[in-house]
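K.L.:
this one's sequence-less:
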């Protein structure tokens, strides 16, 4: 059974940092990709970043380039999203998602078969 469990969300002031974690289980070892998406009420879910198997490739949406970093800890089967210089417009529910039997990631929503429950990130003073 595939499980993706996010953690690390919370309330932070503008300019602050948070690190989101996505603990992965049940996927073929070394043969899946992870993406981070976010959604605000009334809007479509937006791709934020993704990482391929063994870090084969990474993608960032333009609005987070230079501020967010995605990384994998293979020993812990965990993918992190380090978010720095946070802005109020980063406020959303953040989801990690996965698809397997591929090594390169894409930020295309429909490609992802497995989803976590989401974690709230609120950037406000």
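P.N.:
Good, I have the coordinates. Nothing here was measured: the structure is a model prediction, and the numbers come from that model.
K.L.:
which residues does the residue most central in space within the chain bridge with?
P.N.:
Nearest to the geometric centre of the chain sits residue 36, at 2.3 Å (Cα atoms, centre = their mean). Beta-bridge pairing for residue 36 (DSSP bridges): residue 49, residue 96.
K.L.:
could I get the contacting residues of it?
P.N.:
Applying Cβ atoms under 8 Å, 6 or more residues apart in numbering, we find residue 36 in contact with 20, 22, 47-50, 70, 81, 94-97. In short, each C-beta sits where N, CA and C put it, glycine included.
K.L.:
how about residue 90?
P.N.:
38, 64, 83, 121, 123.
K.L.:
about what we covered before: give me the distance between the residue nearest to the centre of the chain and residue 101.
P.N.:
20 Å (Cβ to Cβ, to the nearest Å).
K.L.:
which one is residue 71 nearest to, not counting chain neighbours?
P.N.:
residue 80 (5.1 Å; Cβ to Cβ, 6 or more residues apart in numbering).
K.L.:
what packs against the helix or strand harbouring that neighbour?
P.N.:
If you go by DSSP states H and E, residue 80 is part of strand 78-83. Here strand 78-83 touches strand 18-25, strand 46-51, strand 68-73, strand 92-100, going by 3 or more Cβ pairs under 8 Å, 6 or more residues apart in numbering; DSSP states H and E.
K.L.:
in the following helix or strand past the second one, what's buried?
P.N.:
The C-terminal neighbour of strand 46-51 among helices and strands, as given by DSSP H and E, is strand 58-60. Of all the residues in strand 58-60, those buried under the rule 16 or more other Cβ atoms under 10 Å are 59-60.
K.L.:
partner strands of strand 58-60 and their direction?
P.N.:
Using DSSP bridges, the strands paired with strand 58-60 are strand 46-51 (antiparallel).
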